[in-house]
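Student: Next one to model:
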Amino acid sequence: MDKDYVMSFSNYRGVPNQYEAKDFFLVHGLLQQIADVLVYINYRLRLLYYFYAINPIIL
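Tutor: Alright, predicted model coming up:
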């Protein structure tokens, strides 16, 4: 086996190679964006709830 073929996989200690690390960070960034959107939606809904709780006549 030549060196490039061996180095293209994770080594025996479980350290990810550069491609696995890139995929991890891509997935992590995507999950972070989804979490940010959910937090924002939660914030807006809570704002709406408190607004209508204070002013129920508008409904």
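Student: Distance of I34 relative to A21?
Tutor: According to CB to CB, to the nearest Å, I34 stands 21 Å off from A21. Where C-beta positions appear, they are placed from N, C-alpha and C, glycine not excepted.
Student: what ranges do the helices span in the chain?
Tutor: Under the criterion DSSP state H, the chain contains helices at 3-7, 18-54.
Student: Single out the most deeply packed of those.
Tutor: helix 18-54 (a mean of 10; mean count of other CB atoms under 10 Å).
Student: what about this protein, any weak spots by pLDDT?
Tutor: Applying pLDDT under 70 to the chain flags the ranges 1-20, 55-59.
Student: go again using 50 as the cut-off
Tutor: Within the chain, the segments meeting pLDDT under 50 span 1-2, 4-5, 8.
Student: Return stretch 32-51 as CSV; C-alpha atoms alone will do.
Tutor: Extracted in CSV, the C-alpha atoms of stretch 32-51 (Å, rounded to 0.1, in the frame of the first residue of the first chain):
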residue,chain,number,x,y,z
GLN,A,32,-26.0,25.9,14.2
GLN,A,33,-28.0,27.8,11.6
ILE,A,34,-31.1,25.7,12.3
ALA,A,35,-30.7,26.3,16.1
ASP,A,36,-30.4,30.0,15.5
VAL,A,37,-33.6,30.0,13.4
LEU,A,38,-35.5,28.1,16.1
VAL,A,39,-34.3,30.5,18.8
TYR,A,40,-35.4,33.4,16.7
ILE,A,41,-38.9,31.9,16.0
ASN,A,42,-39.2,31.1,19.7
TYR,A,43,-38.3,34.7,20.6
ARG,A,44,-40.8,36.2,18.1
LEU,A,45,-43.6,33.9,19.2
ARG,A,46,-43.0,34.7,22.8
LEU,A,47,-43.0,38.4,21.9
LEU,A,48,-46.4,38.0,20.1
TYR,A,49,-47.8,36.0,23.0
TYR,A,50,-46.9,38.7,25.6
PHE,A,51,-48.1,41.4,23.3
